[in-house]
Structures are given as structure tokens and as C-alpha cells.
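Student: Here you go, sequence then predicted model.
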Amino acid sequence: MTSADTMKPSPLVSVLVVVRNGRQDIQGLFESLEQQDYTPLEVLVMDGMSQDGTRTLVEEYVPGRPGISVRLLDNPGRIQATGWNIGIRAANGSYIFRIDAVHCRLQSRNYIRHCVETLTRLQQTDPAVAATGGRRLSVTRTKGAWADAIALAQSCSFGVGNAGYRLSEQAGFTETLGVPLYDLRALRAVGLFDESLGRSEDNDLHARLRWRGFKLYYSPDVVALYHPRTTLSGLASQMFHNGWWVSATIIRKRSFPFGVRHLIPFLFFLTLALLLGLSLSGFFPARLVLALVLGAYLLGSLAAALLASRTVGFWRVATVFLIMHACYAAGTASGVFAGRSTAADPGVVTAPGANLGS
């Protein structure tokens, strides 16, 4: 590295935060950003018309050190996609860093710096690299047996499939990222986030980037923490809505911006339903196959839960597996029919779970 390189100022990074009624959560996010060793940063908070004091907290927030500025912007659409796009259009930085105010914190102090350095290094030899991000670990933020079980279930492949940004320890190009840093030019090239999508907007964006020849790079050397739901009811709602938007997105976009893992729960329970129907009709081989499939799932679930927990409470993890998979499958099935409706205007809430407050 030459002396000219060392004297060259670091590029501005625009940190985008979309929030609604998240006063308690956004304070923790600010603290997480203050601990980053990278400057300069600008933080753009897109508020979905909060009523709990979130706006006041952001307006009164004063950074703890130089190099960070905070701007508050309105997000009348109240969904993630509209908020991200408002932030991107208002950003002054060359790079866009996207983080969830409610559920994510940066554990590695060098997370943003590592992403910037990795992206700029890769682009020197491959200009098609458009984004990079680190590993996202699920860690509960409250004490409790079920909260722990939920975090454990979302930290193993039986629960979340081959989600590389959650599980992989191998760096390399990938299909999607959890807490990413984007090159702003690439986002503009593909048309930003699709505001007709209440969820799955990140999967859709990453697919469009790949289809346009851009590349996403995963680096497990830096870690962000994800705080999952802490109750079974909250988890069930999240999984149902996530599944709903998988099929709704496929129908609305007339494309498949997902990995195969997103359809496995639906296909599995559809298979069970078909086997059950054949069994009730008196087709004996179907009963045998149904018993074998159910038995294999239960044994696999218990084995994975025991490996994840290694305590006598492993049965809770197995229960969480079932709730995650069944609710996701039910949501996907529901979205096949309900997802056909299209919002008259971009950003209008079109299904339960699309609103930031849901």
C-alpha cells in the first residue's frame, strides 16, 4: 500500500435503519453503531410513523463520538421496502449498510470496516461484486427456556436449512446476505427494493442483482447478532407471514427469487396431506409410507434438537422445529391464494405481517 493510499479518506457509509414503534430497540442499535471502528458514517432512520416516542429519541440522539451523523426521515408506507428506498434515495454515501433496528446488533466492532475493505478489494479484480456481509448468529435477548429453544432452533440446519449467512464458516460468493453492505451503484442499476412486497423484499433484490450479473460475497470473519422472537406465539406469527410472502412473492413477481429451502416445509406437509388422504381412502401402502415419513421427521427432529441443546430440555427445541416448519408451510399454502391480490399503490399493507408494527 502506498502512502497516497494510506492518506486517502475512507468512503462515507450510509447506515439505513427502518423502524416503527421501536424506542427500546433503536437505542441498543445506536449503541452498537457507536462501537464500530469505522468512520465516517451517516445513520438514516426511516420511521413508519411511530407513536411510542421513537421519533423523539432519534431527534434527541447525539452521537457519542465524531464521524456519525443521524437523520430522521418519514416512512408513510410503513413497510420495510418503502423505508429502505427512502433511505437509499436520501443517502450521501457510496455504500449502503442495511440493518434491522428491532432484531440486529453488530457484535464485531470492525463489521462495517471489514465489509467496506472486503468489497473494495474484491471489486479491484471483479467489478461485478455488489455486496458483502458477515455471519448472522441467533442469540436470545431474554432469559427463558422457550426463548433459548427458539434461538437454538434457528441456529442449526434442521431448523433453517442451508442458510449460509446463518451457519456457514466458509467465505465465498452466495445467493443472499443477512446484514449486508451494498455498492450504491448496483442498487440503482437494478431498481432498488420492490415496494409491492411486504416481506421477502431482500430475497427479491438479491435475486435481481444476481440475474443482472452482480455478485454477493459472504465473509464469516465478522458477526452480527440476531435476536429472534422470544415466545411461541410470536414465532408462529413470524413463520406464517414469512411463508405467506414466499408464495405471494412468486405469484406477484412471476419469478422465483428464493432458494429451494424456502419451499421444503410446504412440500413436506403437502406430501403428508396427500399420504393421509390416500391412507383414509384405504390405500394401505400410503399408510406405511406416511408412518415412515413421519417417523423419520420425528427422529431427525429429536436428534437435531439433542445435538443443538445437549440438555434434558432438548424436547423444547424439537417442538420449536415443528412450529417453525408447520406455520411456514401453512403460510406458504395460504399465500398461494391470498397472495394473488395486488396493492393499488406501492407500499400499501396488503397482508398481515407486512406492516412494521406487526
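Tutor: Now that the structure is in, tell me what you want to look at. What you see is a predicted model, and the numbers here were worked out from it, not measured in a lab.
Student: Run through the helices of the chain in chain order.
Tutor: Ranges of helices in the chain, per DSSP state H, are 3-7, 23-34, 54-60, 80-90, 111-125, 145-153, 157-160, 164-167, 184-190, 201-211, 232-253, 264-280, 284-309, 314-338.
Student: now those helices as CSV including mean neighbour count?
Tutor: Using the backbone N, CA and C atoms, a C-beta is placed for each residue, glycine as well. Below are the helices of the chain laid out as CSV (neighbours: other C-beta atoms under 10 Å):
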stretch, mean neighbour count
helix 3-7, 7
helix 23-34, 17
helix 54-60, 16
helix 80-90, 22
helix 111-125, 18
helix 145-153, 22
helix 157-160, 18
helix 164-167, 20
helix 184-190, 17
helix 201-211, 21
helix 232-253, 21
helix 264-280, 15
helix 284-309, 15
helix 314-338, 20
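Student: Just tell me which of these ends up closest to T132.
Tutor: Shortest distance between T132 and these, using C-beta to C-beta, is found for helix 111-125: 4.7 Å.
Student: Point out the other helices and strands that the closest one packs with.
Tutor: Contact here means 3 or more C-beta pairs under 8 Å, 6 or more residues apart in numbering; DSSP states H and E; on that basis helix 111-125 packs against strand 13-19, strand 95-100, strand 129-138, strand 180-183, strand 215-226.
Student: Would you mark the buried spots in the second one?
Tutor: In terms of neighbour count (16 or more other C-beta atoms under 10 Å), strand 95-100 has its buried residues at Y95, I96, F97, R98, I99, D100.
Student: Could you do the first one as well?
Tutor: Buried residues in strand 13-19, counted by 16+ other C-beta under 10 Å: V13, S14, V15, L16, V17, V18, V19.
Student: Point out the least confident member of those residues, please.
Tutor: The lowest pLDDT within the buried residues of strand 13-19 belongs to V19, with 91.
Student: Surely that one and I26 touch.
Tutor: Yes. Using C-beta atoms under 8 Å as the test, V19 is close enough to I26 to be in contact (5.5 Å).
Student: what residues do those two have in common as contacts?
Tutor: Each of V45, T54, A101 lies in contact with both V19 and I26 under the rule C-beta atoms under 8 Å, 6 or more residues apart in numbering.
Student: now those as a markdown table including distance to T125 and pLDDT?
Tutor: Below are those laid out as a markdown table (distance: C-beta to C-beta, whole Å; pLDDT from 0 to 100):
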| residue | distance to T125 | pLDDT |
| --- | --- | --- |
| V45 | 35 | 94 |
| T54 | 43 | 86 |
| A101 | 35 | 78 |
